[in-house]
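Peer 1: One predicted model, sequence on top.
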Amino acid sequence: MRTVSTAPADPGRSVLAVDVTAGGCFLVALLAERFMLDPVPSGDAVAAVLAGVLLAVAVALRRRLPFPAFLVSAAALCLEALATPASWLSPYANLLVVFSVARHGSRRQAWLALAGTVVCIGVYFTARDDVQRLTQPLGVLVVWLSMWAVGYAMARRQEEQRTIRRLDRERAVAVERARIARELHDLIGHTVNLMLVQAGASRRLLDRDPARARELLTALEGSGRDALTELDRVLGVLGDTAPADGDRLDRLPDLVRRVSEAGLLTTLDIGAEVRGLPDSLSLTAYRIVQEGLTNALRHAGARHAWVTVRHEDGWLDIIVRDDGRGAAGGYRAGRGLLGIGERAAMFDGTVTHGPGPGGFGLHCRLRS
């Protein structure tokens, strides 16, 4: 039985293999130039071969070790200029390495290589006795600096793209955390408040109305089971393991029933036209109603609440009102209302909330 590896190839090895091949080809071409096309004197052969080998090594390592490769190529070029006749091929190896250190090295290495390039070119042409005009080294300097600038610009562009990708990942994580926080707040905040109200009412009625207290305790038990079921669903959705939950607005009657059993008599008025809305919009509408009723439970003195849901002209209107006196200590938008604003913004919606005549009101408009 043959085992086939499915692991992806290491891109670093592929790059190194290409560069080593390029270095070998360069060495073969340079030796052919130095000993066949334009033979060097026998006394200079050792220096010519040594310079060629160093340049080939620099080409082979130019992306793996860019700055050491630059130092090796600069030393080889200076050695060639001082000890052997000029080669037309050797400077191009150094040019390639100059580009590579600007492209693949750090910023500090790139700037050090720039200074080293100027020095290397100065040494190279100072050692030559066949330079006729000053324009020759100046022209070479312009070409070398241009290649350095191209490599440096490419490196900075890649660095900028990496930064953008990192910021995008961080933004995605922040958005996901906010989504998880909203889901857990809407679920746990509503259910815990409901259970607290039921538990408090049961305690007060335990002596004078045991039957009613038992009813509230039964409702409290049901709220706990519903909370566990809902928590499992939310965690499943966050883990991408749960199936679609269907039209969440269909569950509003159950929500209204639980709130009414907790002591806040709630009336639901939902239009038939809201059926068939996208799951994401339906879930958002459900969470908004849930948060509105949770706030109504917390408002001092609230005994009745009214929920209205309508869909017409491409807009879903959600209205939650109660007859309470508002939050104790004055009105202040909390995490839940801020979460409603964030949910509405996902559908180009608007949110209006605050105390008014007769109680507290919440009105959301979501584009469908």
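Peer 2: Everything's here; your move.
Peer 1: and the longest helix belonging to the chain, how far from the chain's centre?
Peer 2: Using DSSP state H, we find that the single longest helix of the chain is helix 135-184. On the basis of C-alpha atoms, centre = their mean, to the nearest Å, helix 135-184 sits 15 Å off its chain's mean C-alpha point.
Peer 1: what about that helix, average pLDDT?
Peer 2: Averaged over helix 135-184, pLDDT sits at 83.
Peer 1: Please give me every residue in contact with the closest residue to Val20 other than its chain neighbours.
Peer 2: What sits nearest to Val20 in space, not counting adjacent residues and going by C-beta to C-beta, 6 or more residues apart in numbering, is Ala60, at 4.6 Å. Just so you know, the C-beta spots here come from the backbone N, C-alpha and C atoms, and that holds for glycine as well. Ala60 makes contacts with Leu16, Asp19, Val20, Ala22, Gly23, Gly24, as judged by C-beta atoms under 8 Å, 6 or more residues apart in numbering.
Peer 1: mind running it again at 6 Å?
Peer 2: Taking C-beta atoms under 6 Å, 6 or more residues apart in numbering as the criterion, Ala60 is in contact with Asp19, Val20, Gly23.
Peer 1: Nearest to Arg107 among these?
Peer 2: Asp19 (22.2 Å; C-beta to C-beta).
Peer 1: any idea how far the residue nearest to Val20 is from Pro91?
Peer 2: Using C-beta to C-beta, to the nearest Å, we find Ala60 at a distance of 18 Å from Pro91.
Peer 1: What of Arg248?
Peer 2: Taken as C-beta to C-beta, the span from Arg248 to Pro91 is 71 Å.
Peer 1: ok so, going back, taking the contacts of Ala60 one by one, which sit in strands?
Peer 2: Among the contacts of Ala60, none falls in strands (DSSP state E).
Peer 1: Please report which of the residues you listed has the highest neighbour count.
Peer 2: In terms of neighbour count, Gly23 stands highest of the contacts of Ala60 at 21 neighbours, by other C-beta atoms under 10 Å.
Peer 1: Assumed Pro355 was part of a strand.
Peer 2: Yes: counting by DSSP: H, G, I helix; E, B strand; the rest coil, one finds Pro355 located in a strand.
Peer 1: Ala262 - how many residues pack around it?
Peer 2: 24.
Peer 1: Touching, it and Gly200? I think so.
Peer 2: No: between Ala262 and Gly200 there is no contact under C-beta atoms under 6 Å: 9.6 Å.
Peer 1: next structured bit after the helix or strand of the chain with the lowest mean pLDDT?
Peer 2: The helix or strand of the chain with the poorest confidence is helix 210-238; it has a mean of 68 (mean pLDDT, DSSP states H and E). Note on helix 210-238: by DSSP states H and E, the next helix or strand toward the C-terminus is helix 252-261.
Peer 1: And that following helix, what's buried?
Peer 2: Of the residues in helix 252-261, Leu252, Leu255, Val256, Arg258, Val259, Ser260, Glu261 count as buried by neighbour count, 16 or more other C-beta atoms under 10 Å.
Peer 1: Please parse this protein into its domains.
Peer 2: 11-131, 247-368 (automatic domain parsing).
Peer 1: Look at Ala302 and tell me its secondary structure.
Peer 2: coil.
Peer 1: for it, what are its contacts?
Peer 2: Residues near Ala302 by C-beta under 6 Å, 6+ apart: Ala296, Asp322, Gly324.
Peer 1: Strands - which of the residues you listed land there?
Peer 2: Members of the contacts of Ala302 lying in strands (criterion: DSSP E): Asp322.
Peer 1: could I get the contacts of Ala302 as CSV with neighbour count and pLDDT?
Peer 2: What follows is the contacts of Ala302, written out as CSV (neighbours: other C-beta atoms under 10 Å; pLDDT from 0 to 100):
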residue, neighbour count, pLDDT
Ala296, 26, 81
Asp322, 27, 89
Gly324, 22, 79
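Peer 1: I'd like to know which of the contacts of Ala302 is nearest to Thr308.
Peer 2: The closest of the contacts of Ala302 to Thr308 turns out to be Asp322 (C-beta to C-beta; 12.7 Å).
Peer 1: about what we covered before: how about the buried residues of helix 252-261 in CSV, adding pLDDT and distance to Phe360?
Peer 2: Compiled in CSV, those are given as follows (pLDDT from 0 to 100; distance: C-beta to C-beta, whole Å):
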residue, pLDDT, distance to Phe360
Leu252, 91, 19
Leu255, 86, 18
Val256, 89, 17
Arg258, 82, 20
Val259, 84, 15
Ser260, 85, 18
Glu261, 79, 21
